[in-house]
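# predicted model, plus sequence, below.
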Amino acid sequence: MIRLIAILFILLPLGSFAAPISYALQADRSEVGFVYTLSGANNRGSMPVRSANIVIDLQQFANSSADVTLDVSQARTGLIFATEALKAASVLDARGHPTIRFQSTAVRANNPRNLSEGGQIDGLLTIKGVTRPVTLNAAVFRQRGAPEGDLSQLSFRISGAVKRSDFGASGYSDIVADTINIDIAARVIAAP
């Protein structure tokens, strides 16, 4: 199952943002990171975003959504042999399944009147052609240096965990742990 990591929302001044706003991902300022355990030691990897469709409604958070596709062929682990193993057919199968996709199904604030109390994103995660429900925690911030009330540029921190065996990505289970921790830092800008 999903192991949740608590992250709090930072209270944002809501101003006049009364409708959903489409945001574009700033790919050069974003990182989809993951932590895997290899022979008992934690290691960090990353995977670039191929596409992202993000809509945020700060007045009615439940109206927000995300549809994000990752590029498996460009995944990196920091260790060349681990990177090649990650892309192998027994793990992510980069040739047969070149993308990973997350489609949100619900966005919930723990307290819609006070975003500082945290919230979650439910969604469908597709890895290796297998789709499973997941719940991720997300924090949203006004980007550093942005004037107060300016929500045209936002930062996100998203976290959670998945079991790779749930998606048929169980190769090298004798040396790589089943649980993969997700740690995503993303920046977005309001689409014109």
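Looks like it came in fine.
# where does this protein have low pLDDT?
1-18, 112-118 (pLDDT under 70).
# buried sites along the strand or helix carrying residue 70?
Using DSSP states H and E, residue 70 sits within strand 65-71. Residues of strand 65-71 classed as buried under the neighbour-count rule (16 or more other Cβ atoms under 10 Å) are 65, 66, 68, 69, 70, 71. C-beta here means a position set from N, CA and C on the backbone, and glycine is covered the same way.
# torsion angles phi and psi at the closest residue to the last one other than its chain neighbours?
Using Cβ to Cβ, 6 or more residues apart in numbering and skipping residues adjacent in sequence, the residue nearest residue 71 is residue 50, 4.4 Å away. The phi and psi torsions at residue 50 (degrees, to the nearest 10) take the values phi -80, psi -40.
# pull the number of nearby residues for residue 50.
17 (other Cβ atoms under 10 Å).
# that one: what's it in contact with?
Applying Cβ atoms under 8 Å, 6 or more residues apart in numbering to residue 50 gives the contacts 69, 70, 71, 99.
# please apply the same query to residue 82.
36, 38, 43, 45.
# count of neighbours near the second one?
Burial of residue 38 is recorded as 16 neighbouring residues (other Cβ under 10 Å).
# same deal with the last one?
Look at residue 45: counted by other Cβ under 10 Å, it has 18 neighbours.
# name the element it belongs to?
Residue 45 belongs to strand 41-47, assigned by DSSP H and E.
# got it, and residue 82?
Per DSSP H and E: helix 80-87 holds residue 82.
# tell me how far that helix lies from the chain's centre.
Mean-position distance between helix 80-87 and its chain equals 21 Å (Cα atoms, centre = their mean, to the nearest Å).
# what does stretch 181-192 give?
Taking Cα atoms, centre = their mean, one finds the center of stretch 181-192 at 8 Å from the center of the full chain.
# from the buried residues of strand 65-71, which is closest to residue 131?
Comparing the buried residues of strand 65-71 against residue 131 with Cβ to Cβ places residue 69 closest, at 13.3 Å.
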